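[1] need coordinates for the below:
(one chain, ligands or ions: 2)
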Amino acid sequence: MNFVAGKTGWIEVICGPMFSGKSEELIRRLRRAMIARQRVQVFKPVLDNRYSADEIVSHGELRMKSEVVEDASEILTRLDWRTEVLGIDEANFLGQELIPVVTQLADSGKQVIVSGLDTDYMGRPFPPIPDLLCLAESIAKTLAICMRCGAPAKHTQRLVDSDELIVVGAAGIYEARCRRCFEPGVPKQGYLEFARPGGSAVQGGSASR
Ligand code: ADP
Ligand code: ZN
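    Numbering: from 1, shown residues only. Ligands and ions are numbered 1, 2, ... in the order given. Reported below is the predicted structural model:
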């Protein structure tokens, strides 16, 4: 291992549901490091090619150049060992294999900033984020706004019919929901509009507003 003399590394985790600003926060932290002339490398899994093949892009259209990796171990082979700060977006697509990679990088004196979904479409903890939260020096949980009632949203609601753990997409396929409005899996079409003031349950009809 290539230890950088005198340097201490650490792990920062940014987690939360989709649309909560994880990518925005990751880009903000990486920009600061670049302004301070630190050497930065940004990685994202090949699976996340929603907006751009070689950039991380937030839902609010912030962009930053990134390198695409097939799996977690490719981060080590693509790493320039002069790099001081690493950003890893969409970590939930890289699996538990990311844990030893991130640990090795931090032990080698790197600042590693990892961003990813902490729960899946069923509301279950989404590996490898739970373990990373325990291993990290710093953790941040970002929240979105519930698209049904406006409360703080910690869930990613899937809107299309699929039992696959990974269905890549953004608006129209997923939306942010609070714990009360979240329906694990696919929402039922006859939606209980309990959030509507004085409202009674809607019989059948669309789940959209
Ligand atoms: P993440 O990486 O967590 O998916 P992004 O950083 O890509 O989030 O996008 C965050 C942006 O998404 C917000 O600044 C806002 O422009 C937009 N957005 C869309 N839907 C919502 C929502 N329900 N709540 C908050 N922000 C939303
Ligand atoms: Zn809600």
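[2] all helices of this structure, in order?
    With helices called from DSSP state H, the chain shows them at 22-35, 73-78, 98-107, 129-135.
[3] and the second one, what does it pack against?
    Read that as helix 73-78. When contacts are defined as 3 or more C-beta pairs under 8 Å, 6 or more residues apart in numbering; DSSP states H and E, helix 73-78 packs onto strand 40-45, strand 67-69, helix 98-107. C-beta coordinates here come from the backbone N, C-alpha and C atoms, glycine included.
[4] winner for burial among these?
    Most buried of those, by mean neighbour count (mean count of other C-beta atoms under 10 Å): strand 40-45, with a mean of 22.
[5] contacting residues around that one?
    By C-beta atoms under 8 Å, 6 or more residues apart in numbering, the residues outside strand 40-45 that reach it are 30, 33-34, 56, 64-71, 75, 78-80, 83-90, 93-94.
[6] export it as CSV, just CAs?
    The C-alpha coordinates for strand 40-45 follow below in CSV (Å, rounded to 0.1, in the frame of the first residue of the first chain):
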residue,chain,number,x,y,z
VAL,A,40,-9.8,15.4,-7.0
GLN,A,41,-11.1,12.3,-8.7
VAL,A,42,-14.8,11.5,-9.1
PHE,A,43,-16.2,8.1,-9.8
LYS,A,44,-19.7,6.8,-10.6
PRO,A,45,-21.0,3.3,-11.5
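[7] can we start the residue count at 659 from this point?
    I'll keep to 659 as the first residue from here, and by that count the last item is strand 698-703.
[8] that strand close to ligand 1?
    No: among the residues of strand 698-703, none lie within reach of ligand 1 under C-beta under 6 Å from any ligand atom; the closest is 11.0 Å away.
[9] thought R837 was touching C807?
    No: in this structure, R837 is not within contact of C807 by C-beta atoms under 8 Å, at 10.7 Å.
[10] among the two, which residue is more densely surrounded?
    More neighbours surround C807 than the other of R837 and C807, with 15 against 12 (other C-beta atoms under 10 Å).
[11] could you find the closest non-adjacent residue to V698?
    Nearest non-adjacent residue to V698, counting by C-beta to C-beta, 6 or more residues apart in numbering: V743, 4.7 Å away.
[12] ok, that neighbour to ligand 1 distance?
    From V743 across to ligand 1, the span is 18 Å (C-beta to the nearest ligand atom, to the nearest Å).
[13] and that residue, how many neighbours does it have?
    Neighbour number of V743 under other C-beta under 10 Å is 21.
[14] surely it meets L688?
    Yes: taking contacts as C-beta under 8 Å, V743 lies within contact range of L688: 6.7 Å.
[15] overlap of the contact sets of these two?
    In contact with both V743 and L688: V698, I771, using C-beta under 8 Å, 6+ apart.
[16] re the thing from before, which pLDDT value goes with the residue nearest to V698?
    With respect to pLDDT, V743 scores 98.
[17] and the one 4 residues further on, by the same measure?
    Per-residue confidence (pLDDT) for D747: 97.
[18] ok, it to ligand 2 distance?
    According to C-beta to the ion, to the nearest Å, D747 and ligand 2 sit 26 Å apart.
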